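**Student:** Have a look; sequence and predicted model below, questions after that.
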Number of protein chains: 2
Amino acid sequence: MVTPRKKIPSPAGAAAARSDHLDTRVLETFVGYNARRAWLVVTQVFAERMAVYGLKQVDFSVLSLLAHNPGATSRQLCSTLDILPPNLVSLIAAMDSRGLIERRPHPHDGRAIGLHLTPAGEQLVREAEQTVIELEADASARLTPRERETLIRLLQKVYH
Amino acid sequence: MVTPRKKIPSPAGAAAARSDHLDTRVLETFVGYNARRAWLVVTQVFAERMAVYGLKQVDFSVLSLLAHNPGATSRQLCSTLDILPPNLVSLIAAMDSRGLIERRPHPHDGRAIGLHLTPAGEQLVREAEQTVIELEADASARLTPRERETLIRLLQKVYH
DNA sequence: TATTGTTATACTCTATAACTATA
DNA sequence: TATAGTTATAGAGTATAACAATA
């Protein structure tokens, strides 16, 4: 269980003489800076808790998307998640090898390949989604449920 | 001026038969997913507008931090920005070569090096910070000023 | 001619180990 | 013994060009 870059509070009086941290007030007026910092926190918790499933964030996104969009193509996954097609290939191949997904010929387009979860894949997604729900709640525990909804709504307003 | 992955709206009726995008409703219930998507939008605009200064996000963060924390050390920059020391070295060296910063011996610690902006560096930071303020306003233009403040406050609540 | 999936490849970002000089 | 800065290097993430098969 690797926990790199975890903020370990230094012994009480140790950093009294010379403060460890810098004045970040200007940077903290920017959405970009704050969004990245918050994302890093969630990412850290995500990586720790999802390691047991062998899933990175992008893996989970693909699997969850396939659970709710059976038969989706690589092209659609790429466009939805902002991934470049060449970078999805090995990812899909690995999930195929793991027996989590299978490729079937596309009904209307001979070039495309429809991606489907296997029963094992569906079972894994169910467990993984539940874990993500819990981990998300923990990672945003300093927010009230109402604040969390507001945060998500405002983030979506930026990118929608 | 590279603008990759820009969402170019396809001709009106073109995608009517087979929808391009997938159902992302589950992913959109997660803070991590939404924070990354919003961050990507701001990042895109940042890269486009800051290219004239030859500054990436991390470069700007370092320079802005030094503007408001003169004499800060590499160690402090790393801890503040969550960068690993080895990855800051070439970045600092490049800014030194460009004449934006200079290294002075640390007053109290012979191992450390105090980093300071040169006059050219200070001038660049002034212009760059102004550009970031404008770009941030544009990138979050769908938010009211009040909503933008709320968004930033809630993001900070997650990582503070 | 355009698009889907793919290979090969390069570039950037992030991470680890180990060294030096100071403390 | 621990820390600041550094080197070398490895691994992950992201990018472009080009090709075969199909539309």
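**Tutor:** Alright, I've got the coordinates.
**Student:** got the residues of chain A near DNA strand C?
**Tutor:** Listed as neighbours of DNA strand C in chain A under the rule CB under 7 Å from any atom of the strand: A:2, A:4-5, A:73-75, A:78, A:85-86, A:89, A:92-93, A:103, A:106, A:109, A:111-113. All C-beta atoms are positioned from the backbone trio N, CA, C, and that covers glycine.
**Student:** Show me where chain A has its helices.
**Tutor:** Here chain A has its helices, by DSSP state H, at A:31-50, A:57-68, A:74-81, A:85-97, A:119-139, A:145-159.
**Student:** Kindly reformat these as TSV containing mean neighbour count and distance to chain B.
**Tutor:** Below are those laid out as TSV (neighbours: other CB atoms under 10 Å in any protein chain shown; distance: least, CB to the nearest CB, whole Å):
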stretch	mean neighbour count	distance to chain B
helix A:31-50	21	4
helix A:57-68	20	5
helix A:74-81	18	5
helix A:85-97	13	12
helix A:119-139	16	5
helix A:145-159	18	4
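**Student:** of those helices, which approaches B:Arg126 most closely?
**Tutor:** Smallest distance to B:Arg126 across the helices of chain A (CB to CB): 18.2 Å, for helix A:31-50.
**Student:** what about that closest one and DNA strand D, touching?
**Tutor:** No: using CB under 7 Å from any atom of the strand, helix A:31-50 stays clear of DNA strand D, with a minimum separation of 8.9 Å.
**Student:** Show me what that helix packs onto, helices and strands only.
**Tutor:** helix A:57-68, helix A:119-139, helix B:31-50, helix B:119-139, helix B:145-159 (3 or more CB pairs under 8 Å, 6 or more residues apart in numbering or on different chains; DSSP states H and E).
**Student:** who's in contact with the spatially most central residue of chain A?
**Tutor:** Central residue of chain A (CA atoms, centre = their mean): A:Gln57, 3.4 Å from the mean position. By CB atoms under 8 Å, 6 or more residues apart in numbering or on different chains, the contact list for A:Gln57 reads A:43, A:46-47, A:50, B:32.
**Student:** nearest spatial neighbour of A:Leu100, skipping sequence neighbours?
**Tutor:** Using CB to CB, 6 or more residues apart in numbering or on different chains and skipping residues adjacent in sequence, the residue nearest A:Leu100 is A:Gly121, 3.7 Å away.
**Student:** got the contact list for that neighbour?
**Tutor:** Per CB under 8 Å, 6+ apart, neighbours of A:Gly121: A:63, A:66-67, A:95, A:99-101.
**Student:** State the distance from it to B:Leu100.
**Tutor:** From A:Gly121 over to B:Leu100 the distance is 51 Å, taken as CB to CB, to the nearest Å.
**Student:** now do A:Ser61
**Tutor:** In terms of CB to CB, A:Ser61 sits 38 Å off from B:Leu100.
**Student:** try A:Leu124
**Tutor:** Note on A:Leu124: its distance to B:Leu100, by CB to CB, is 49 Å.
**Student:** now swap in A:Val45 and tell me
**Tutor:** 36 Å.
**Student:** try A:Phe46
**Tutor:** From A:Phe46 to B:Leu100 the distance is 36 Å (CB to CB).
**Student:** And A:Arg142, by the same measure?
**Tutor:** Taking CB to CB, one finds A:Arg142 at 37 Å from B:Leu100.
**Student:** hang on, the earlier thing: next, format the helices and strands packed on helix A:31-50 as CSV and append distance to A:Arg25 and mean pLDDT.
**Tutor:** Converted to CSV, those look like this (distance: least, CB to CB, whole Å; pLDDT from 0 to 100):
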stretch, distance to A:Arg25, mean pLDDT
helix A:57-68, 30, 98
helix A:119-139, 24, 98
helix B:31-50, 19, 97
helix B:119-139, 12, 98
helix B:145-159, 11, 98
